[in-house]
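Asks: Test case, fold it:
(3 chains)
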Amino acid sequence: MTGARLELAGLSKDFRGLRAVHDVGFTVPAGAIHALIGPNGAGKTTIFNMIAGVHVPTAGTVSLDGRKISGLRPDKVCDAGVGRTFQIVRPFRGLSVLENVTIGALHRRPHLPDARHAAEAILQRLGLADRRHQPAESLTLPDRKRLEVARALATEPKLLLLDEVMAGLRPTEVDVMVAFLRELNAQTGLTILLIEHVMRAVMALAAHVVVVSYGEKIAEGTPAEITRHQAVLDVYLGEEEVA
Amino acid sequence: MSQDFLLSLAQAVSKGLLTGMVYGLMALGLSVIFGVMRVVNFAHGEMMVVGMYLAWMAFDALQVPPTLSLPLVAVLFFVIGYLLQRTLIQPFITRPEHQQFLLLLAVGTLLANACLAIAGPDSRTIMLDSQFDSYELGPLVLDAVRVHAAVVAFAIAALLWLFFTRTRTGKSIRAAADNHMGALVVGLDVRRLYAITFGVGAACVGAAGALMITIIPVTPFLASEYTLLAFVIVIVGGLGSLSGALLGGLLIGVSEAVAGLLLQPSLKSMFSFGLLIVVLLLRPQGLLGRKEAR
Amino acid sequence: MSRITPRVMGGLAILLALLLVAPALLGGYGLSVLILVLYFAYVGQAWNIMMGFAGQLSLGHALYAGLGGYMAAGLYFHYGIGPWAGMFVGVAAAVAAAAVVGYLGFRFSLAGVYFALLTIAFAEFTRIGFDNWPWTGESGGMFLRVERGVTDVANLRGGPVLFYYVILFLAVAAFVLCRLLLESRLGRYWLAIREDAEAAQAVGVPVLKCKMLAVTISAALTALAGVWNAFYYNNLFPETAFAMGRSIEITLAPIIGGLGTLFGPFVGAVVLTGLGEIFTAVGDKLDIPGIKQVFYGLALLVIVMYRPAGIWPWLAARLGIK
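Replies: Below you'll find the model as predicted:
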């Protein structure tokens, strides 16, 4: 696993004339961890869905290591090296934890025993190994979040999109997840883009933060710069504290 | 085109419209049930046939004419539908579709074959005094029984519309259909509303059966045909849409009658199924249905 | 997805051995019942691929069985081409039909009930077409010549024992095939699609392609059942071959037995055929038309109410398998 560079240029999305995202552009260098923040309804998940191939952008492009991936089907985007989690977790409910991750691993390893082996290793790293034979629907929310990450990682992405994987976790669990992601990034050079409301995690992980509001990018910079940025403070005033 | 042909075409269309009105009432029942609780009543044609048999028995054994038996059948169907929903169907509301399908298939098998066991396989019909009466509308000759059936069907549909738009219960049912969670939050007794809905849907199809027996003889083997017919109508009109069910009924009634005139009788329903496929693919919400997130 | 343990393997071996010698042990009636069991187990296994594995509800599988049967029977009837060659044409026709139904349904993203209605519509449409196509004998039916006492394997003409071994082979082969499929990438992708197609696509599952494979493989297997059926009964009518009742009959064994399980279709076929035979006997005693079906409906009702997930998962738990 090595990271890939993600580049968004002039990205816009209209839903039946309703502008969800307008002219958003930013770059995540290979191996970096960036965060995408903004109030609810700002268009963060729409941006993710355009990167992941769920939505075709109305205008603009998404490229991975210089190769255009916008307009591809989600499974082709996964082929290209993008793994994603869903904000509202979507495990394969009736299947076991191990099967969930194995299905992700089958993407690069067509043989079931190999894929299962790879899945076991990932579950081990995420601390889900002792639950591997439980049905996914029996997991607690924090475990489901971890399962989302495990399944996405099993596809061996070069870019990992994490949509609010910290939400609903207790502070100690957040710290564990942060430590895991940091270690993963350090070991493999995997590029990570995360949407996150938990500022504690953003501050601890991201080298660079992009802020969107009403579908437009209003600021970007280091976490320290962002917390002093007037436009950001205005947006967040009364929303939730930054830092 | 000859005058004769145009006249027989007009005759077929008018006949189709009248029969289609009764089809519409039958389909209305299916549509109401699906629209509110997202359950496809695979026993719908069987319920229709039971309604036909009940009206036949009332007439044959007790000399009660359909005008009198219809309200009785409707009330009985309401009660049975209500109870059926409360006991059997409610636990299946949140279950997967194939389990609902199997449940209602079992109910349908029971109903149709109970009719067979009780009334036998022969086709049954009722002979009203008005059987051979007709109304003349210019050059058109309309069977009196068909006109009566259509008028009553329309009246029942109008009552239903009043129920859903003017009464508290009707409005609550619509609220529950639009937003299940919201209905629970504002304290509506959704289970009761569902039971009433199933009762109302059953009453529609029961009444349609009591009307249909005045037009067409009944056999137990008609059941699955009516189920299919009801599916076609509601999909064409829009699953869950009341006016759509009526429009679909009229459309299918006319298309069957015209196809019966122009083509061989065995090709009669080919057009209906063709229409079903086209509508499913191009406008799955039906002609009058609202688009829903799927 | 349990491993097949030595114990289960042993059980299966004994069962297979018994099935192989069954014609020598059973009388004509017993054999005819066993033939029905295997037929429903086989065709249920085929349907299960689509619904149980890939989660696509088809209520129009009579289309594929009917096409398979009519093509093979028609080639034999009109041109004397035996079913071993004819079945390829039958399978090809069914696969083509399945590709059309599947592609339209999946492309226009019809799901659940809507997809099921599309499958019904195509089956009905075809029924009416065949009812009016002279090559098929129209509604009057197509009849294959029956020669008593002659066994002609090349043309699949012969007594019940021949048909027994053919359907036994099909049932066993379908079981093995399903097991292999389920333990392959494609099988796991089907399960993923069944559970959540969007999440599946996000981990790289080519959803449309996998669904198309499910519907065409399922249709091909179902078409073989149709060929067997046509030559076993020697007659075909559009009214029954493409009937919704036929489609529904195909779905029952896997649903009753346990959707998505390998043993479910077999267990369901045993239970349903057994109940059917008992109810027929009772019905004949009572001599009331339809009473058999009343009992049958009641039995279905009881099973779906008390074992909604099917009999096999419950039975397996009791037997300590899995």
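Asks: in which helix or strand would I find C:V21?
Replies: Per DSSP states H and E, C:V21 falls inside helix C:6-25.
Asks: Just give the nearest non-adjacent residue to the residue nearest to the spatial centre of chain C, would you?
Replies: Centroid check for chain C by Cα atoms, centre = their mean gives C:V43 as the closest residue, at 1.4 Å. Counting by Cβ to Cβ, 6 or more residues apart in numbering or on different chains, C:V43 lies nearest to C:A225, which is 4.3 Å off, once chain neighbours are set aside. Every residue, glycine included, has its C-beta placed from N, CA and C.
Asks: does that neighbour really touch C:F40, like I thought?
Replies: No - judged on Cβ atoms under 8 Å, C:A225 makes no contact with C:F40 at a distance of 9.3 Å.
Asks: What ranges in the stretch 201-322 of chain C fall below the confidence cut-off?
Replies: C:322 (pLDDT under 70).
Asks: those strands in it, which residues are they?
Replies: With strands called from DSSP state E, counting those that start in this stretch, the stretch 201-322 of chain C shows them at C:235-236.
Asks: Next to chain A, which bits of it? Give me the list.
Replies: C:201-207 (Cβ under 8 Å from any Cβ of the partner chain).
Asks: how about stretch A:125-132: buried residues?
Replies: A:126, A:128, A:131-132 (16 or more other Cβ atoms under 10 Å in any protein chain shown).
Asks: do the same with stretch A:221-235
Replies: A:223, A:226-227, A:229, A:232, A:235.
Asks: Tell me which residues of whichever helix or strand comes after the helix holding C:V21 come out buried.
Replies: Once the chain leaves helix C:6-25, the next helix or strand it forms, by DSSP H and E, is helix C:28-48. Buried residues in helix C:28-48, defined by neighbour count with 16+ other Cβ under 10 Å: C:31, C:33-48.
Asks: Output the below-cut-off pLDDT ranges for the chain.
Replies: I'll assume chain A. Short version for chain A, where the test is pLDDT under 70: A:1, A:237-243.
Asks: Can you look at chain B instead?
Replies: B:1, B:289-294.
Asks: just the helices in it please.
Replies: B:3-37, B:44-62, B:66-84, B:97-119, B:144-166, B:168-178, B:180-185, B:190-212, B:223-237, B:242-262, B:270-282 (DSSP state H).
Asks: and of the ones you listed, who's closest to chain C?
Replies: helix B:97-119 (3.0 Å; Cβ to the nearest Cβ).
Asks: Going by neighbour count, which residues in that closest one are buried?
Replies: Result for helix B:97-119 [16+ other Cβ under 10 Å]: buried residues B:97-117, B:119.
Asks: Tabulate the buried residues of stretch A:125-132 (TSV), appending secondary structure and distance to chain B.
Replies: Formatted as TSV, these follow (DSSP: H, G, I helix; E, B strand; the rest coil; distance: Cβ to the nearest Cβ, whole Å):
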residue	secondary structure	distance to chain B
A:L126	coil	30
A:L128	coil	27
A:R131	helix	25
A:R132	coil	26
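Asks: The residue nearest to B:L140 when sequence neighbours are not counted and B:S134, how far apart?
Replies: Distances taken as Cβ to Cβ, 6+ apart put B:S14 closest to B:L140, at 5.6 Å, once the chain neighbours are dropped. As judged by Cβ to Cβ, to the nearest Å, B:S14 and B:S134 stand 11 Å apart.
Asks: so what sits against both of the two?
Replies: Shared contacts of B:S14 and B:S134 (Cβ atoms under 8 Å, 6 or more residues apart in numbering or on different chains): B:L142.
Asks: more crowded one of those two?
Replies: B:S14 (20 against 14; other Cβ atoms under 10 Å in any protein chain shown).
Asks: can I assume that one is in contact with B:L142?
Replies: Yes - between B:S14 and B:L142 there is a contact at 6.0 Å, judged by Cβ under 8 Å.
Asks: What is the burial count for C:Y306?
Replies: 9.
Asks: now it: how far from C:H78?
Replies: From C:Y306 to C:H78 the distance is 50 Å (Cβ to Cβ).
Asks: same question, C:I303
Replies: C:I303 is 43 Å from C:H78, by Cβ to Cβ.
Asks: Tell me which of these two has more neighbours.
Replies: Neighbour count, other Cβ under 10 Å: between C:I303 and C:H78, C:I303 has more, with 22 against 10.
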